[in-house]
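Asks: what's the 3D shape of this:
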Amino acid sequence: MDGIKKLTYSEQVAEYIKQSILEGELSPGDQVKEVLLAEKLGISRAPIREALQILAREGLIKSEPQKGKHVSALTAKQIMDSYFTGGVLEAAAVTQALPLYTDEDISNLEQIVEQMREVAESGKDHESLTKLDTTFHNILFSRIDNELLIELCRRSCQGISKFLLYKRWINLYTPQQVYERHLVILEALKSGRPSRLEKTIRKHYTDSGKRMSKYGVDVHKG
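Replies: The predicted model follows:
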């Protein structure tokens, strides 16, 4: 594996599998075989097993007796439920942290939203919005003093949108819509009104969940 960073073997393998999912080499439902991965990467099966446990905790890998380990494939309902859960958790957490956001936080969010607007107007590659979206939500998370809550928020939505169904998610909204969706969150935050902020963030996720749900697997198929 080239370009090794200061990560354990298992963490490197986890990143390798994530990248394979992101690039479409592994798709939802595909089996992940420890033996084949060990041979391909030239390492023992132990770090492979540990990596799959890491990804299982993140919701990206599912393990079933007699069926082995597979890339998670979610039904429409599971996708909607995940986004609903993530939205409820993030909305509650951000609303509780509302008094803690600084002028610098607001300024940074304004800059990100402005960059989103520039992308929308310039017609640049949609993928440049991914990093802006991540940075935007990271700033919101930065004032939340609850690591478990942040982990649950990210697992609920990011595993689906930014890995399992990334190619779908990146085109879920036009760049103009991405800009507008984050602008309303920023305006709700700046309003200082908890009820408005919580409702806005919940809607942000439930709307995405409804759109993403059409890419869920058909449980009756096969």
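Asks: show me the domain layout of the chain.
Replies: Domain ranges of the chain: 9-71, 76-214, per automatic domain parsing.
Asks: tell me where the chain has helices.
Replies: Applying DSSP state H to the chain gives helices spanning 9-22, 34-41, 45-57, 76-96, 103-122, 128-141, 147-159, 166-169, 175-191, 194-212.
Asks: on that earlier part again, what's the least confident stretch among the domains of the chain?
Replies: Across those, domain 9-71 has the smallest mean pLDDT, namely a mean of 89.
Asks: what's the first-to-last distance across it?
Replies: Start-to-end span of domain 9-71 (C-alpha to C-alpha, to the nearest Å) is 20 Å.
Asks: can you count the residues close to Leu132?
Replies: 20 (other C-beta atoms under 10 Å). The way it works is simple: take the backbone N, C-alpha and C, and place the C-beta from them, glycine included.
Asks: separation between it and Asp218?
Replies: To Asp218, Leu132 is 33 Å away according to C-beta to C-beta, to the nearest Å.
Asks: what of Val32?
Replies: Val32 sits 22 Å away from Asp218, taking C-beta to C-beta as the criterion.
Asks: and what of Ser122?
Replies: 39 Å.
Asks: quick one: closest of the helices of the chain to Pro28.
Replies: helix 9-22 (8.4 Å; C-beta to C-beta).
Asks: center of this structure - which residue?
Replies: Residue closest to the average C-alpha location in the chain (C-alpha atoms, centre = their mean): Gln158, at 1.2 Å.
Asks: what residues does that residue make contact with?
Replies: Contact analysis of Gln158 by C-beta atoms under 8 Å, 6 or more residues apart in numbering lists nothing.
Asks: show me the contacts for the residue nearest to Gly216 when sequence neighbours are not counted.
Replies: Among residues not flanking Gly216 along the chain, Ala76 sits closest, at 3.5 Å (C-beta to C-beta, 6 or more residues apart in numbering). Applying C-beta under 8 Å, 6+ apart to Ala76 gives the contacts 213-214, 216.
Asks: would you turn the residues you listed into a markdown table with distance to Thr85?
Replies: Formatted as a markdown table, the contacts of Ala76 follow (distance: C-beta to C-beta, whole Å):
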| residue | distance to Thr85 |
| --- | --- |
| Ser213 | 14 |
| Lys214 | 19 |
| Gly216 | 15 |
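Asks: got a PyMOL select line for the buried ones in those?
Replies: Applied in PyMOL, the following selects the buried portion of the contacts of Ala76 according to 16 or more other C-beta atoms under 10 Å:
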select buried, resi 213+216
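Asks: name the nearest of the contacts of Ala76 relative to Leu140.
Replies: Closest to Leu140, out of all of the contacts of Ala76 and judged by C-beta to C-beta, is Ser213, at 23.9 Å.
Asks: list the contacts of that closest one.
Replies: 76-77, 79-80.
Asks: cutoff 10 Å now
Replies: 74-83 (C-beta atoms under 10 Å, 6 or more residues apart in numbering).
Asks: now swap in Glu50 and tell me
Replies: 8-11, 13-14.
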